[in-house]
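Participant: Sharing a model prediction with you, sequence too.
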Amino acid sequence: MDELIGRLATNASIDGAVAEKTLGIILAFLRNEGPSDSVQALIDQIPGAEAAIEASKSGGALSRLMGGGLMAVGTRLMSLGLGMSEIQNVARELFRYGRDKIGADQMGKIIAGTPGLSQFA
């Protein structure tokens with residue numbers, strides 16, 4: 001996980017703690033919205049991913065009011081101080097990492113099978 005957090009922080013020019021929170025939010029979104037087998041294969045390749053996902057769920061009432069989907073994820077990421085270009089950089093780096101770990105075919109299934117995600121690929 002530290003390797004991926006470092007890559008995300010460097011590529012998006014964000015703090016490591018923000019990168020970790022961002023990763024948890026994105027992985028939780030993928031788990032809820034994406035093709036489960038492919039997403040789980042990716043999560044299994046990221047040590048500490050389950051803890052990051054659990055930590056991302058502690059958004060409280062505000063998180064529940066925002067609902068789900070890509071718009072809610074964007075709102076949560078922006079509340080961490082990320083702009084659209086930083087969010088795109090994080091997503092692209094996560095996709096590169098995923099292709100390295102689970103292969104281009106599996107990562108392609110995640111991108112194609114998750115509503116709205118292809119715009120970040």
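Facilitator: All right, it came through fine.
Participant: At the geometric centre of this protein, which residue do we find?
Facilitator: Computing the C-alpha centroid of the chain and ranking residues by CA atoms, centre = their mean puts Ile26 first, at 2.4 Å.
Participant: can you tell me which residues contact that one?
Facilitator: Counting by CB atoms under 8 Å, 6 or more residues apart in numbering, Ile26 touches Val73, Leu77, Val90, Ala91, Leu94. All C-beta atoms are positioned from the backbone trio N, CA, C, and that covers glycine.
Participant: Lys21 now?
Facilitator: Counting by CB under 8 Å, 6+ apart, Lys21 touches Ala52, Ala55, Ser56, Leu80.
Participant: Let's have the contacts of Ile26 in CSV, adding neighbour count and distance to Ala112.
Facilitator: What follows is those, written out as CSV (neighbours: other CB atoms under 10 Å; distance: CB to CB, whole Å):
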residue, neighbour count, distance to Ala112
Val73, 24, 18
Leu77, 22, 22
Val90, 25, 19
Ala91, 21, 14
Leu94, 24, 15
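Participant: Please verify my assumption that Gly48 contacts Met1.
Facilitator: Yes: the pair Gly48 and Met1 passes the contact test of CB atoms under 8 Å, sitting 3.5 Å apart.
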